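Asks: the amino acid sequence is not available; the structure is as follows:
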């Protein structure tokens, strides 16, 4: 992949990297909820004419005519009495998101450190906890005040993040 061979390469467009095979693979990988998005189409219904639907999606992507539909919002009751919002995207949007994720992972994964585990293939929260424990044992650390990253996306310097992303 060009990103690995050339760390300074800047990617100006990704659409041409999405092909029918990637869309088909992405469909297989997305979680197929029984709930339909705002378009009223469930994953099962989309799969009934999968080849035709994917060809249509591919053509709209190539022509720049694809537009994501709004996400259907539902609210689930929490144990503490509050409510948690859940978004249900249309199956087609899930496919495009997964295809885009696949491409972005190939581009950006080479820039991550091995100890960075969030949302990366072959990494997990369990691996992160294991490494944290191993480092604590190695460095004779007996206490951790807080190792949670909740609210991280709300508190990260988005300008700095955009600058880092724009380098690729």
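Replies: On my side now, so go ahead. Values in this document were obtained by computation on a predicted structure and should not be read as measured data.

Asks: sec struct for residue 75, please.
Replies: Assigned with DSSP: H, G, I helix; E, B strand; the rest coil, residue 75 falls in the strand class.

Asks: what's the answer for residue 119, then?
Replies: Note that with three-state DSSP, the state of residue 119 is coil.

Asks: distance check, it against residue 35.
Replies: The spacing between residue 119 and residue 35, counted by Cβ to Cβ, to the nearest Å, is 23 Å. All C-beta spots, glycine's among them, are computed from the backbone N, C-alpha and C.

Asks: residue 84: which element?
Replies: Here residue 84 sits within strand 83-88, counting by DSSP states H and E.

Asks: then residue 165 would be within a helix, right?
Replies: Yes: under three-state DSSP, residue 165 sits within a helix.

Asks: residues in contact with it?
Replies: residue 108 (Cβ atoms under 8 Å, 6 or more residues apart in numbering).

Asks: how far away is residue 132 from residue 45?
Replies: 44 Å.

Asks: domain parsing for this structure?
Replies: Listed by automatic domain parsing, the domain ranges of the chain are 1-111, 115-149.

Asks: follow-up on the earlier one: residues contacting the strand holding residue 84, please?
Replies: By Cβ under 8 Å, 6+ apart, the residues outside strand 83-88 that reach it are 33, 35, 36, 37, 71, 72, 73, 74, 75, 76, 77, 78.

Asks: quick one: the fourth one and residue 69 touch, right?
Replies: Same thing as residue 37. Yes: counting by Cβ atoms under 8 Å, residue 37 touches residue 69, with 6.2 Å between them.

Asks: picking that back up, average pLDDT across the strand holding residue 84?
Replies: Mean pLDDT, strand 83-88: 89.

Asks: any stretches of this protein with poor pLDDT?
Replies: Across the chain, residues meeting the criterion (pLDDT under 70) sit at 1, 147-150.

Asks: which stretches of it form strands?
Replies: Remark: strands assigned in the chain by DSSP state E are 72-77, 83-88.

Asks: okay, the angle between the last one and strand 72-77?
Replies: In this case it means strand 83-88. Here the directions of strand 83-88 and strand 72-77 differ by 150 degrees (axes from the mean of the first three to the mean of the last three Cα atoms, to 10 degrees).

Asks: so what sits against both of residue 37 and residue 69?
Replies: 89, 90, 93.

Asks: buried ones from those, can you make that a ChimeraX selection?
Replies: Of those, the buried ones can be selected in ChimeraX as follows, counting by 16 or more other Cβ atoms under 10 Å:
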select :89,90,93
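
Asks: for the shared contacts of residue 37 and residue 69, give me JSON lines that also has distance to residue 141.
Replies: Supplementary listing: these in JSON lines, determined by distance: Cβ to Cβ, whole Å:
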{"residue": "89", "distance to residue 141": "42"}
{"residue": "90", "distance to residue 141": "47"}
{"residue": "93", "distance to residue 141": "44"}
